[in-house]
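Q: A predicted structure for the sequence below; I have some questions about it.
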Amino acid sequence: MFLNDLKIFLEKLDTYRDKVLFVFIKPFWPRKISPNQLTYVRIAVSIVLFVLLFFLAIENKTLIISLFVFGAITDLFDGSVARCLNKETEFGAMIDPLADRILILPIAVYSLYQSQKWLLLFLLVAEVFNAIVAIFYKSKEVYKANIFGKTRMVILSVVFVVILIVWPASPPTFFIDVLWFSLLFSFLSIMTSILELGKKGFIKNKIINKHASKYEK
């Protein structure tokens with residue numbers, strides 16, 4: 001099944017990322033800094049960005065980009081730190097994707113509202129549906145990370161850094177196309193979560209259950 005093959009491929013890439021980071025995390029990571037604290041920092045950075053952009057109207061590119069990149073780096077490390085130091089928690093698995101969405105939101109609105117309203121609308125709608133499915137997913141005590149959601153976050157982070165660099169000039173068409181492409185990963189994230197719920201018996205639907213039975217075979 002192509003979907004499962006793609007999932008396995010992306011998970012292998014994520015595993016290689018972990019192996020590289022483990023080399024530095026295991027000997028050097030300050031044990032007093034927990035993975036969840038990194039997630040809290042990302043949420044704090046998101047709130048600061050929101051205040052700077054929409055309340056104080058501060059558009060210092062160096063400051064905004066630095067804060068956003070710092071927030072994205074915490075996302076790069078928190079999961080790897082948790083896995084490397086055996087500090088994975090259910091709460092961490094629940095709050096991590098929420099922190100990702102909160103980080104992306106102010107930057108997406110700030111950079112796309114004037115010139116790419118339809119793209120912004122689709123991105124926001126995709127995030128809302130993702131959040132709804134994620135809440136239901138976690139409510140069934142399923143805390144497995146969704147690799148398509150993680151891939152989407154990487155794509156969005158890289159593209160928005162580029163968009164912020166060229167702002168207020170219009171971003172290159174290629175990067176706008178990549179943002180549209182990222183919607184595919186939002187859809188895959190939602191679909192695979194639903195299939196996993198169907199496979200575990202939490203959703204009773206003939207069509208979903210039929211495809212769920214083939215998923216991850």
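A: That came in fine, so what should we check first?
Q: can you tell me how far the residue nearest the centre of the chain sits from Gly71?
A: Centroid check for the chain by Cα atoms, centre = their mean gives Met153 as the closest residue, at 3.3 Å. Computed as Cβ to Cβ, to the nearest Å, the Met153 to Gly71 distance reads 11 Å. Heads up, the C-betas are built off the backbone N, CA and C, glycines and all.
Q: quick one: residues contacting the residue nearest to the centre of the chain.
A: Asp75, Asp100, Ile104 (Cβ atoms under 8 Å, 6 or more residues apart in numbering).
Q: skipping adjacent residues, who's closest to the second one in space?
A: The shortest distance from Asp100 to any residue that is not its chain neighbour, by Cβ to Cβ, 6 or more residues apart in numbering, is 4.9 Å, and that residue is Met153.
Q: ramachandran angles for Phe25?
A: Wrong residue type there; residue 25 is Ile, not Phe. phi -70, psi -50 (degrees, to the nearest 10).
Q: next, the contact list for the closest residue to it other than its chain neighbours, please.
A: Once flanking residues are discounted, Ile25 sits nearest to Cys84: 4.5 Å by Cβ to Cβ, 6+ apart. Shown in contact with Cys84 (Cβ under 8 Å, 6+ apart): Asp18, Leu21, Phe22, Ile25, Lys26, Trp29.
Q: give me the neighbour count for the first one.
A: Taking other Cβ atoms under 10 Å as the criterion, the count of residues near Asp18 is 14.
Q: so it is in which element?
A: helix 2-28 (DSSP states H and E).
Q: helices or strands up against that helix?
A: Secondary-structure packing of helix 2-28 (3 or more Cβ pairs under 8 Å, 6 or more residues apart in numbering; DSSP states H and E): helix 61-84, helix 147-166, helix 173-199.
Q: related to what we said a few turns ago, please list only the buried members of the contacts of Cys84.
A: By the neighbour-count criterion of 16 or more other Cβ atoms under 10 Å, the contacts of Cys84 include these buried positions: Leu21, Phe22, Ile25, Trp29.
Q: let's have the residues you listed in a markdown table, adding pLDDT.
A: Rendered in a markdown table, the data for these read as follows (pLDDT from 0 to 100):
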| residue | pLDDT |
| --- | --- |
| Leu21 | 91 |
| Phe22 | 92 |
| Ile25 | 91 |
| Trp29 | 91 |
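Q: including distance to Ser157, could the residues you listed go into JSON lines?
A: Formatted as JSON lines, the buried ones among the contacts of Cys84 follow (distance: Cβ to Cβ, whole Å):
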{"residue": "Leu21", "distance to Ser157": "16"}
{"residue": "Phe22", "distance to Ser157": "21"}
{"residue": "Ile25", "distance to Ser157": "20"}
{"residue": "Trp29", "distance to Ser157": "21"}
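Q: so how far is Leu56 from the residue nearest to Ala72 when sequence neighbours are not counted?
A: If the residues on either side of it in the chain are set aside, Ala72 comes closest to Ser157, at 4.3 Å by Cβ to Cβ, 6+ apart. Here Ser157 is placed at a distance of 23 Å from Leu56 (Cβ to Cβ).
Q: so between those two, which is more surrounded?
A: When neighbours are counted by other Cβ under 10 Å, Ser157 and Leu56 differ, and Ser157 comes out ahead with 20 against 8.
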